[in-house]
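Colleague: sequence first, predicted coordinates after that:
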Amino acid sequence: MRAAKIVRSSSQRRNISIMHRLGQNIGTFAITSVPMAAVCILALSQLKTFSNLGHGAGRCKYLVDAHLFSKLETLAGVGAITWVLRMLLDPVFNFLSDTKFRQFIVRRSDVAGAEKAPSVRTVASVV
C-alpha cells in the first residue's frame, strides 16, 4: 500500500522552514559552546592555583607566579578567540543556509560570468 503524500500549504512550508533554521541556529550555538565550556572547565579546575595570584605584593611575587599568569592569560585568550569566531561564524552559517540568498548569489555569478566570457562572434572576428 502506498503512503499518501502530505500536501502542505505555503504557510505550513514557511513555518517548517523557519523551524529548520531555528534548529540550525540552536545547533550552531550548541556546537560553538563546547570550546567555551572546555575553557571554563579548565579554568575552574585550576581555580585553587589561580587564587594565589592576588596574595602578596612585590616584584618577586610576580616573577615567582609568572607561569600562572601566562597560563591564565592563555586561557583568557583562547576564550576570547573562541567567542569572536563564534560571533563571526554564526552569520556565515545563516547566510549559507538561506536558500534565497544562495539563489541570488548563483544568479549573480552566472550574469557576471556571462559578461566576462567572450562571445562566439568576438572569437570568430579575431580569427
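Modeller: Alright, I've got the coordinates. Computed from a predicted structure; not experimentally measured.
Colleague: okay, now the unreliable bits of the chain?
Modeller: Residue ranges of the chain with pLDDT under 70: 1-4, 54-59, 61-62, 112-127.
Colleague: ok, which stretches of the protein are helices?
Modeller: 10-45, 47-50, 59-64, 66-97, 99-116, 120-126 (DSSP state H).
Colleague: export those helices to CSV and tack on mean neighbour count?
Modeller: C-beta: built from backbone N, CA, C; applies to glycine. Putting the helices of the chain into CSV (neighbours: other CB atoms under 10 Å) gives the following:
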stretch, mean neighbour count
helix 10-45, 12
helix 47-50, 11
helix 59-64, 11
helix 66-97, 13
helix 99-116, 10
helix 120-126, 8
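Colleague: spatially central residue in the chain, please.
Modeller: Leu89 (2.3 Å; CA atoms, centre = their mean).
Colleague: contacts only, for the nearest residue to that one once chain neighbours are set aside.
Modeller: Counting by CB to CB, 6 or more residues apart in numbering, Thr32 is the residue found nearest to Leu89 once chain neighbours are left out, at 6.8 Å. Contact partners of Thr32, counting by CB atoms under 8 Å, 6 or more residues apart in numbering, are 82, 85-86, 89-90.
Colleague: sorry, back to before: ok, the residue nearest to the centre of the chain touching Thr28?
Modeller: Yes. Leu89 is within contact range of Thr28, at 7.4 Å (criterion: CB atoms under 8 Å).
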